[in-house]
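>>> Structure for this input, please:
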Amino acid sequence: MSGPTPHRRLLDFLDGHGATYEVIEHEPEGRSERISAIRGNDPGQAMKAIVLSVRGGGLGKRAIMAVIPGDRRLDMKALLAHAGAQKGRFAPAETAAELTGCEMGAIPPFSFRDDLGLVVDEAFKAWDRVAFNAGRLDRSLFLDFADYARIVDPPFAAISEAPG
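Numbers count the residues shown, from 1 in each chain. Alright, predicted model coming up:
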């Protein structure tokens, strides 16, 4: 692998923007419920990044990273409406890894590529700090949400729903 790892790239990016964060080392885990228990955070403040392929709406096929709370599921209809697309599906693990440089479960809620759009669930606005796996299954970050919103300036939308 050439260049910095996704974890190092993320830390360098946050440092370069003066973000306030805390790195947590833990056993390797990528499942939202389990990693929230390990980190000791509310699952609602866990940023779960999901890579999807959407198409339609005159924009052709494109990749989107949807970031939703760890205790919720993606509302595909809401995401498609926000993206102006008609169809969408979860990207295969290989495609997600190619676009993010990370294995499933380790993807941080940042897109470092022009060809990977980003949309973040507005539910995160209720939290002072958010948590997420940071490019590795054995590293997580707690990040001040105000810093995330300032640095990333993502589009926000209601794209999740309670499971069940």
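>>> Please determine how far the closest residue to K125 other than its chain neighbours is located from L99.
Nearest residue to K125, sequence neighbours excluded (Cβ to Cβ, 6 or more residues apart in numbering): F156, at 7.0 Å. Every C-beta, even on glycine, is put in place using the N, C-alpha and C of the backbone. The span separating F156 from L99 equals 21 Å under the rule Cβ to Cβ, to the nearest Å.
>>> Let me see the contact set for E22.
L141, F142 (Cβ atoms under 8 Å, 6 or more residues apart in numbering).
>>> residues of the lowest-mean-pLDDT helix or strand in the chain that come out buried?
In the chain, the helix or strand scored least confidently by mean pLDDT, DSSP states H and E is helix 32-39, which has a mean of 93. By 16 or more other Cβ atoms under 10 Å, the buried positions in helix 32-39 come out as S32, I35, S36, R39.
>>> can you check stretch 132-141 too?
F132, N133, A134, G135, R136, L137, R139, S140, L141.
>>> mind showing which ranges of the chain have poor pLDDT?
Low-confidence segments of the chain, defined by pLDDT under 70: 1-2.
>>> how about it, which residue sits the furthest from its center?
The outermost residue of the chain relative to its centre, with distances by Cα atoms, centre = their mean, is G58 at 25.6 Å.
>>> nearest residue to that residue other than its sequence neighbours?
G84 (7.8 Å).
>>> Test my guess that that neighbour contacts R55.
No. The criterion here is Cβ atoms under 8 Å, and G84 misses it with R55 at 10.6 Å.
>>> Quote the end-to-end distance of stretch 129-143.
5 Å (Cα to Cα, to the nearest Å).
>>> Need the contact partners of the least confident helix or strand of the chain.
Residues contacting helix 32-39 (Cβ under 8 Å, 6+ apart): 24, 26-27, 29, 42-43, 46, 48, 70-71, 105, 131, 133, 140, 142.
>>> hey, C-alpha coordinates of that helix in CSV?
C-alpha atoms of helix 32-39 as CSV (Å, rounded to 0.1, in the frame of the first residue of the first chain):
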residue,chain,number,x,y,z
SER,A,32,-22.6,-1.0,15.4
GLU,A,33,-24.2,-2.5,18.5
ARG,A,34,-21.1,-4.3,19.7
ILE,A,35,-18.7,-1.5,19.1
SER,A,36,-20.9,1.0,20.9
ALA,A,37,-20.9,-1.2,23.9
ILE,A,38,-17.1,-1.6,23.7
ARG,A,39,-16.6,2.2,23.4
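>>> Appreciated, that's everything.
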